[in-house]
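Colleague: Sequence first, predicted coordinates after that:
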Amino acid sequence: MSGGRLGLVAQVFKQLALEEASRAFRVRRGAGARSGDERARREAERARSIRRAFEQLGPFYIKVGQMLSTRPDIVPDYVIAELEKLHDSASVLPFSALEPVLRAELGATWPRKLGDIDTEKPLGAASLAQVYRITRADGRPAVVKIQRPGVRDTVIQDMAFLRKAARRTGRLTPRFTEVIDIEAMLDVLFESMRPELDFVNEARNMRRAARLIAPFDHLAVPEVLLATPRVLVQSLAPGRSIRYAKRDAFDPRERLAIGRDLLTFIFRGFFTDRFFHADLHPGNVFVAPGEKATLIDWGMVGRTDRRTGMLLVLVLLALAQSDGHGLARAWMEMGRATSWAKPDAFASDMALLVPQVAGASLEELSFGVTLTRVLTCSTRRGIKTSPAVAVLGKAFANVEGSVRFLAPELSLVEVFKDEMRNVMFSLAAEVVSEEQVARTALEMMLDIGSMAERMHSLLRGRPLTLGTGN
């Protein structure tokens, strides 16, 4: 990391520490009564300071903050509420600061390549880029997404710095690291965020998503019109953010169908496609009556391997059947028990939690939040969870939040039950495919000694696992 960037990071965290020290000093002096209201005020101040620090440090830290907003096992509730605001935190750069990027990527004749561009006010401003409306030469409306100058180098530096910090934290806090693998969690974030730094990769994600979304009657992905590493031109999404959708303007069957398709699409992304939009918050879902819901901003995507996807199916099946102990077993299979784990206590926690979730609508309960409650319990009981769960939890929470604005009466678990047949057919087709049969046979031939153990596990009712690849 360059000296200037490292100095800024140090300055921001120093200011954060000074503000916390000031609050502690006021408490010692007895400033204000030590009442619940006073404690709530200090917590609100602390949360705002943390959120502002992430904003000051820029795009990568904002993404880290967004991910931490789905980790109540690490972050207190009052901080999570503030970190959730990081989706709408980007300041707006003047177009003059972005024009050199267009010139560098498209050449001096960039205006002819784009068409008429409205530079007065961007349609959107995110931590990595700004989006402007354009009118193509053929009269079609479109948008151009322009990466902020220098943001790629800054993010790469921050990734390297945080990786080193995670390694040092791991050495200093071995018990914490045994159950929370910070370095692995960051790796998941790095992998999902890298396409956002190169719009050619994002365009590739969009084309793949367009193929996967084709069977859905009420969903669409914008058409890619032009892509370079720092400039992306795509068709204009009709309507506005689902956050501002007026339910009364939609036919009830239409809005329920959109919500159901959104949930089903994310399920298929987790379990069968193993490729999903990892940041489907309300600002990335555009809707209008009579139009398909358009899913935008495909820079941050998630991927799951087959074993994780299958175990997550078991988690949701256990929820659908109100089986807390079954959920606990599947969840522990996604990770591992530490040396100080209490699996029986975790199973009891799940037996109490699951009946509160099964069948509840999005209006009554947030499943994404429930998933993070499971994560909190597993961490407290010494169960180390797969780092991929952080991205999955974020994706769940985001899509739920989006659907809740349009169709809050839908139940995520009920939609999952309806989709279960397709999921199981897809998984079964993989198991009997020629490639999988050949792989399984080779694994058995090369690992003869484990066959008896596998058969023994199967007879005892434990899950049979023949491979963990994609």
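Modeller: Great, that's in hand. Numbers count the residues shown, from 1 in each chain.
Colleague: right, and G401 touches D279 too?
Modeller: No - G401 sits out of contact with D279 when judged by C-beta atoms under 8 Å, with a separation of 11.4 Å. C-beta: built from backbone N, CA, C; applies to glycine.
Colleague: The two: which is more packed in?
Modeller: Between G401 and D279, counting by other C-beta atoms under 10 Å, D279 is the more crowded of the two (24 against 21).
Colleague: in what helix or strand does that one lie?
Modeller: When elements are assigned from DSSP states H and E, D279 belongs to no helix and no strand.
Colleague: Excluding residues flanking it in the chain, which one is nearest it?
Modeller: The shortest distance from D279 to any residue that is not its chain neighbour, by C-beta to C-beta, 6 or more residues apart in numbering, is 4.3 Å, and that residue is M300.
Colleague: How many residues are close by that neighbour?
Modeller: One way to gauge burial is a neighbour count; for M300, by other C-beta under 10 Å, it gives 24.
Colleague: quick one: it and T264, what's the gap?
Modeller: Applying C-beta to C-beta, to the nearest Å, one obtains 21 Å for the distance of M300 from T264.
Colleague: now do M159
Modeller: From M159 across to T264, the span is 34 Å (C-beta to C-beta).
Colleague: swap in L392?
Modeller: The span separating L392 from T264 equals 16 Å under the rule C-beta to C-beta.
Colleague: neighbour-wise, which of the two wins?
Modeller: Each of L392 and T264 had its neighbours counted (other C-beta under 10 Å), and the higher figure belongs to L392 (26 against 19).
Colleague: Do I have it right that R336 meets K384?
Modeller: Yes - checked against C-beta under 8 Å, the pair R336 and K384 is within contact range at 5.3 Å.
Colleague: quick one, which of the two is more surrounded?
Modeller: Summary of the neighbour comparison: R336 and K384, criterion other C-beta under 10 Å, with K384 having more neighbours (20 against 14).
Colleague: Mind jotting down where the helices sit in the stretch 1-150 of the chain?
Modeller: Chain-ordered helices for the stretch 1-150 of the chain, with DSSP state H, counting those that start in this stretch as the definition, fall at 3-29, 36-57, 59-68, 77-83, 95-106, 110-114.
Colleague: What's the mean pLDDT across the second one?
Modeller: Mean per-residue pLDDT for helix 36-57: 84.
Colleague: Show me what that helix is packed against.
Modeller: Using 3 or more C-beta pairs under 8 Å, 6 or more residues apart in numbering; DSSP states H and E as the contact test, the elements touching helix 36-57 are helix 3-29, helix 59-68, helix 77-83.
Colleague: In contact with A227, which residues?
Modeller: Residues touching A227, when contacts are defined by C-beta atoms under 8 Å, 6 or more residues apart in numbering, comprise F199, V200, E202, A203, V233.
Colleague: Keep only those of those that are in strands.
Modeller: Secondary structure assignment by DSSP state E places V233 of the contacts of A227 in strands.
Colleague: What's the ChimeraX line that selects buried ones from the contacts of A227?
Modeller: Only the buried members of these end up in this ChimeraX selection, burial being decided by 16 or more other C-beta atoms under 10 Å:
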select :199,202,203,233
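Colleague: Tell me the one of the contacts of A227 nearest R268?
Modeller: For R268, the closest of these turns out to be E202, at 20.6 Å, with distances computed as C-beta to C-beta.
Colleague: Go ahead and confirm the closest one touches E196.
Modeller: Yes - using C-beta under 8 Å, E202 makes contact with E196 at a distance of 6.6 Å.
Colleague: Check the contact lists of those two and give me the overlap.
Modeller: A shared contact of E202 and E196, defined by C-beta under 8 Å, 6+ apart, is any residue touching both; here these are G299.
Colleague: Deepest in the core, which of the helices of the stretch 1-150 of the chain is it.
Modeller: Here the criterion is mean neighbour count by mean count of other C-beta atoms under 10 Å, and of these the winner is helix 59-68, at a mean of 22.
Colleague: Toward the C-terminus, what is the element adjacent to the helix or strand R329 falls within?
Modeller: Using DSSP H and E, R329 falls within helix 324-334. Of the helices and strands lying after helix 324-334 in sequence (DSSP H and E), the nearest is strand 336-337.
Colleague: neighbouring contacts of that following strand?
Modeller: By C-beta under 8 Å, 6+ apart, the list of residues contacting strand 336-337 from outside reads P343, G382, I383, K384.
Colleague: what about that strand, average pLDDT?
Modeller: pLDDT averaged over strand 336-337 gives 84.
Colleague: C-terminal to it, what's the next element?
Modeller: helix 343-353.
Colleague: what angle do that next one and helix 324-334 make?
Modeller: With axes from the mean of the first three to the mean of the last three C-alpha atoms, to 10 degrees as the basis, helix 343-353 and helix 324-334 are set at 130 degrees to each other.
Colleague: helices or strands up against helix 343-353?
Modeller: In this structure, helix 343-353 makes packing contacts with helix 324-334, helix 367-380, judged by 3+ C-beta pairs under 8 Å, 6+ apart.
Colleague: Report the distance from that helix to the chain centre.
Modeller: Taking C-alpha atoms, centre = their mean, to the nearest Å, the mean C-alpha location of helix 343-353 is offset from the chain mean by 26 Å.
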